[in-house]
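*Asks:* sequence? don't have it. structure:
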């Protein structure tokens with residue numbers, strides 16, 4: 001018995017398919033049936049005939065070849081290519097591999113201990129994967145020719161806390177406590193405005209830090225670095241009875257930085273104007289001296305204000321000189337960190353207990369405005385020296401001296417509250433005042 005299947009084709013052709021009846025014997029092997037496809041053109045057109053064999057049985061899905069993955073370790077003196085040669089890498093493939101990876105990684109500069117993941121298909125090298133950075137990978141696979149892919153791994157955010165008992169230098173003690181170098185440098189940058197690390201860090205001081213970090217989700221042995229330190233969020237230095245505590249505020253390009261809990265910026269280690277209610281009467285630069293009558297460098301700034309106006313220490317430091325200084329009259333010189341000195345001249349007098357060797361804090365009264373020495377009128381002459389050379393105080397990069405206000409202060413307070421919710425930090429920090437007074 002035969003069946004005819006008629007299908008209309010839009011072009012006007014008719015497809016006639018002849019399907020033979022399958023044998024009724026179930027015991028016999030069934031062979032794939034064939035279809036003969038004949039296209040009949042309309043009268044007046046060229047006659048086209050096409051014949052193909054089509055299996056009526058369901059197609060069997062080919063299973064993907066099994067890939068075996070291994071992680072290799074580069075040994076001292078071993079080249080990357082030598083590492084892979086036992087797995088069938090030939091010279092042509094090696095050249096292509098090096099050429100393809102070159103923009104991202106220099107294979108000739110890999111260090112001993114470098115991890116390399118390889119894929120083996122039918123015992124032949126089919127893929128090579130290396131870590132090119134934290135959470136970053138470069139994978140090259142053999143698909144006729146080597147094909148490369150750069151991608152990033154998933155990470156999750158966390159925080160780390162370190163409570164460092166200082167027994168050597170702050171740097172050495174922090175590194176010995178496994179604080180990441182980037183975090184150590186952030187802490188040093190913050191506290192260098194207030195502490196001379198060469199002379200004022202002592203055995204028994206304590207540094208407490210909390211910082212963000214990213215942690216790899218996948219830990220398959222390929223990456224040696226499983227965590228990436230991020231922003232320092234909290235830093236506290238207990239230094240010979242002083243308690244310096246700062247918090248990081250994310251406030252945009254201009255306001256981002258470290259602040260005390262009351263909103264004062266921690267980055268400004270030298271005040272622009274070391275007195276209140278003053279006017280700038282003379283700037284830094286060459287000028288004709290009002291008394292001597294000739295032109296010379298005016299190595300500082302002059303501020304006019306009433307006699308007796310309190311003069312503040314521009315930053316934390318140690319008194320180098322206090323008392324009479326010739327043409328400067330009564331003057332005070334303060335040594336700060338990083339090679340900076342400040343000078344305050346023509347004072348009416350020096351504040352009580354201000355003498356060489358005395359440690360002073362930013363904003364502490366050190367003297368009173370006057371008109372002593374080679375001075376024509378009451379004023380403060382203020383100089384800043386860097387490594388012994390006078391520089392323009394106005395050229396120093398300063399963060400705005402104003403405390404955070406309004407929404408910015410509210411955001412800082414929220415950041416502080418979030419910091420102190422960390423239970424690990426709570427083991428070490430329990431008595432931080434919201435209104436630090438430096």
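*Replies:* Yep, that arrived. On a predicted model such as this, the values are computed, not experimentally measured, just so you know. Numbers count the residues shown, from 1 in each chain.

*Asks:* residue ranges with poor pLDDT in the stretch 1-150 of the chain?
*Replies:* Residue ranges of the stretch 1-150 of the chain with pLDDT under 70: 1-64.

*Asks:* just the strands in it please.
*Replies:* 2-8, 14-20, 67-73, 115-121, 124-133, 136-143, 145-152 (DSSP state E, counting those that start in this stretch).

*Asks:* which of the ones you listed sits closest to residue 359?
*Replies:* Checking the strands of the stretch 1-150 of the chain against residue 359 by Cβ to Cβ gives strand 124-133 as the closest, at 44.2 Å. For glycine as for every other residue, the C-beta is placed from the backbone atoms N, C-alpha and C.

*Asks:* ok, back up a step: pipe the strands of the stretch 1-150 of the chain into CSV and attach mean neighbour count per row.
*Replies:* Listed next are the strands of the stretch 1-150 of the chain as CSV, based on neighbours: other Cβ atoms under 10 Å:
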stretch, mean neighbour count
strand 2-8, 9
strand 14-20, 13
strand 67-73, 13
strand 115-121, 17
strand 124-133, 18
strand 136-143, 16
strand 145-152, 12
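
*Asks:* can those strands go into TSV with extra columns for distance to residue 81?
*Replies:* Formatted as TSV, the strands of the stretch 1-150 of the chain follow (distance: least, Cβ to Cβ, whole Å):
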stretch	distance to residue 81
strand 2-8	60
strand 14-20	59
strand 67-73	12
strand 115-121	11
strand 124-133	11
strand 136-143	13
strand 145-152	14
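
*Asks:* right, and those - which one's nearest residue 334?
*Replies:* Closest approach to residue 334 among the strands of the stretch 1-150 of the chain (Cβ to Cβ): strand 124-133, 44.5 Å.

*Asks:* packing partners for the biggest strand by length in the chain?
*Replies:* In the chain, taking DSSP state E as the definition, the longest strand is strand 227-239. If you count contacts as 3 or more Cβ pairs under 8 Å, 6 or more residues apart in numbering; DSSP states H and E, strand 227-239 packs onto strand 155-165, helix 181-191, strand 206-216, strand 242-249, helix 406-419.

*Asks:* for residue 411, find the nearest of the strands of the stretch 1-150 of the chain.
*Replies:* Closest among those, once you apply Cβ to Cβ, is strand 145-152, at 29.8 Å.

*Asks:* so how far is that closest one off the chain centroid?
*Replies:* How far strand 145-152 lies from its chain's middle: 26 Å, per Cα atoms, centre = their mean, to the nearest Å.

*Asks:* quick one: contacts of that strand?
*Replies:* Applying Cβ atoms under 8 Å, 6 or more residues apart in numbering, the external contacts of strand 145-152 come out as 93, 96-97, 100-101, 104, 132, 135-141.

*Asks:* tell me which element residue 347 is part of?
*Replies:* Residue 347 belongs to strand 340-350 when elements are defined using DSSP states H and E.

*Asks:* pretty sure residue 311 is touching residue 370, no?
*Replies:* No: using Cβ atoms under 8 Å, residue 311 makes no contact with residue 370, being 9.5 Å away.

*Asks:* give me the common contacts of those two.
*Replies:* By Cβ under 8 Å, 6+ apart, residue 311 and residue 370 have these common neighbours: residue 347.

*Asks:* looking at these two, which has the bigger crowd around it?
*Replies:* Using other Cβ atoms under 10 Å as the criterion, residue 311 and residue 370 rank with residue 311 on top: 26 against 21.

*Asks:* what about that one, distance to residue 392?
*Replies:* 20 Å (Cβ to Cβ, to the nearest Å).

*Asks:* go on, residue 313?
*Replies:* Taking Cβ to Cβ, one finds residue 313 at 20 Å from residue 392.

*Asks:* equivalent analysis for residue 177, please.
*Replies:* 40 Å.

*Asks:* okay, domains of this protein per the record?
*Replies:* Using automatic domain parsing, the domains assigned to the chain come out as 1-21+34-54, 67-152, 156-259, 279-395.

*Asks:* gap between the third one and the chain center?
*Replies:* The gap between the average C-alpha position of domain 156-259 and the chain average comes to 13 Å, counting by Cα atoms, centre = their mean.

*Asks:* the last one too?
*Replies:* Its chain's C-alpha centre and that of domain 279-395 lie 39 Å apart, by Cα atoms, centre = their mean.

*Asks:* for residue 224, helix, strand, or coil?
*Replies:* Classification of residue 224 using DSSP: H, G, I helix; E, B strand; the rest coil returns coil.

*Asks:* does it touch residue 115 like I think?
*Replies:* Yes: counting by Cβ under 8 Å, residue 224 does reach residue 115; the two are 6.5 Å apart.

*Asks:* between the helices and strands packed on strand 227-239, which gets nearest to residue 262?
*Replies:* helix 406-419 (8.7 Å).

*Asks:* and the closest residue to residue 160 other than its chain neighbours, how close does it get to residue 225?
*Replies:* Among residues not flanking residue 160 along the chain, residue 213 sits closest, at 5.4 Å (Cβ to Cβ, 6 or more residues apart in numbering). Taking Cβ to Cβ as the measure, residue 213 falls 11 Å from residue 225.

*Asks:* out of these two, which sits in the busier spot?
*Replies:* residue 213 (18 against 10).

*Asks:* do I have it right that that one meets residue 230?
*Replies:* Yes: counting by Cβ under 8 Å, residue 213 does reach residue 230; the two are 5.8 Å apart.
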